[in-house]
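Visitor: I need the structure of the sequence given here:
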Amino acid sequence: MTQRSVRSLTLTALLTLPLTAHAAGILGTSVTQAQIQQSAFCQSYDCGEPFVRGREWQYPFSRYQGLSITRESAEPGSRVVDVQLWVRNDGLNAAADRAAFQQMQKLALGYVPYTGAVESCYGANFTRTLVDSPDERTQGVTCEKWDSSTDFNVTVSPAFLARTAPAPATLTTGPTKLNTWKFTGCASQSGTNAYLQMGEAARCTLRIETKGAQSAVVRADFQYEIEYVQNGQYVKKLLPDVETWVAGRTPGTLDPRLSQNGRVVTASVSLAVKKVPDRTVTSLNTIARLTFANGTVKTAYEPLLVR
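Guide: Okay, here's the model as predicted:
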């Protein structure tokens with residue numbers, strides 16, 4: 001067989017291979033950081049190594065634009081629940097943003113359900129639905145303008161996740177670990193929200209589920225990290241103070257509180273972000289370090305949006 005014939009057969013074999021699952025988009029599937037970096041989107045925009053923040057992977061790829069992938073949890077194999085393109089408001093560009101948004105939709109879904117203009121998103125200080133439930137796995141394609149950025153999102157359908165849930169993780173064997181964690185809400189004078197309201201004191205609830213050997217939490221240490229934009233510069237700062245909860249000790253009014261029901265640990269922390277001139281706070285991140293009765297120490301890192 002000639003060399004040309006071998007090349008021809010090889011090319012034919014490659015063309016007839018079945019498409020991978022990710023040819024239909026990453027939303028609702030399990031992906032790795034390497035798969036994101038090897039995607040057509042990241043090949044076009046040169047994503048580079050991600051900045052990992054709990055269950056979120058952030059790929060800034062220019063001075064003004066970035067890609068964020070949010071998963072069900074920080075555990076390996078966790079499925080993608082949201083794909084976001086964010087654009088800094090001081091660098092909005094309709095042509096560039098529209099092109100990146102379309103490429104982001106293709107990464108998320110394998111196709112582009114919204115091909116229209118993006119200018120209407122620049123003034124939308126609320127969630128604007130661009131396409132409602134374009135397919136069974138997708139809750140919607142949306143956009144929203146924040147103080148420092150305009151975000152474009154493709155969000156998974158909770159019903160799809162529930163219907164296609166993988167086999168449950170083994171929770172009863174092996175060492176004690178943290179399985180999933182997330183903030184479930186913040187209660188302040190303006191009500192209960194999924195975010196922290198700027199300038200208002202709030203009690204925020206962090207729900208943590210454990211797996212492996214079951215053990216009681218005897219101590220919990222909480223430290224916080226703030227992210228903000230000031231004078232056009234992005235700042236991420238770890239705050240020095242550490243708050244501690246200890247089993248059997250009565251907490252003060254503003255101290256963290258913790259309860260446990262089997263494998264579910266519920267922490268309540270008092271949070272507030274002061275308004276500072278020319279500063280836009282985007283996130284207040286909680287680092288929760290749990291010490292269990294069996295000696296295991298595990299850490300959860302969870303961001304909380306600030307509005």
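Visitor: which residue ranges of this structure form helices?
Guide: Under the criterion DSSP state H, helices of the chain are mapped to 3-15, 33-37, 40-45, 94-109, 158-163.
Visitor: other SSEs contacting the fourth one?
Guide: Pointing back at helix 94-109 there. helix 40-45, strand 65-71, strand 80-88, strand 149-156 (3 or more C-beta pairs under 8 Å, 6 or more residues apart in numbering; DSSP states H and E). Where you see a C-beta, it was placed from the backbone N, CA and C, and this is true even at glycine.
Visitor: which one of these lies closest to Gln233?
Guide: Minimum separation from Gln233 across those (C-beta to C-beta) falls at strand 80-88, 11.3 Å.
Visitor: what is the orientation angle of that closest one with strand 65-71?
Guide: In terms of direction (axes from the mean of the first three to the mean of the last three C-alpha atoms, to 10 degrees), strand 80-88 departs from strand 65-71 by 160 degrees.
Visitor: one step back: I'd like the helices and strands packed on helix 94-109 laid out as CSV, including mean pLDDT and distance to Asp221.
Guide: Shown next, in CSV, are the helices and strands packed on helix 94-109 (pLDDT from 0 to 100; distance: least, C-beta to C-beta, whole Å):
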stretch, mean pLDDT, distance to Asp221
helix 40-45, 94, 36
strand 65-71, 94, 25
strand 80-88, 95, 28
strand 149-156, 94, 31
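Visitor: okay, these in a markdown table with distance to Val269 and mean neighbour count next?
Guide: Below are the helices and strands packed on helix 94-109 laid out as a markdown table (distance: least, C-beta to C-beta, whole Å; neighbours: other C-beta atoms under 10 Å):
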| stretch | distance to Val269 | mean neighbour count |
| --- | --- | --- |
| helix 40-45 | 35 | 16 |
| strand 65-71 | 21 | 21 |
| strand 80-88 | 24 | 22 |
| strand 149-156 | 25 | 22 |
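Visitor: tell me which of those sits nearest to Asp97.
Guide: strand 80-88 (5.4 Å).
Visitor: contacts for the closest one next, please.
Guide: Strand 80-88 is contacted from outside by 26-31, 63-72, 97, 100-101, 104, 107-108, 148-156, 161, 229, using C-beta atoms under 8 Å, 6 or more residues apart in numbering.
Visitor: deepest of the helices of the chain, which one?
Guide: Neighbour counts averaged per stretch over these are highest for helix 94-109, at a mean of 20; criterion: mean count of other C-beta atoms under 10 Å.
Visitor: contacts for that helix, please.
Guide: 24-27, 39-41, 44-45, 65, 67, 80, 83-85, 87, 111-115, 117-119, 134-135, 138, 141, 150, 152, 154.
Visitor: at 7 Å what do you get?
Guide: Residues from elsewhere that reach helix 94-109 (C-beta atoms under 7 Å, 6 or more residues apart in numbering): 25-27, 39, 41, 44, 65, 67, 83, 85, 87, 112-115, 117-119, 138, 141, 152, 154.
Visitor: same question for stretch 151-171.
Guide: Contacts for stretch 151-171 (C-beta under 7 Å, 6+ apart): 27-28, 79, 81-86, 101, 104-105, 108-109, 121, 136-144, 179, 211, 263.
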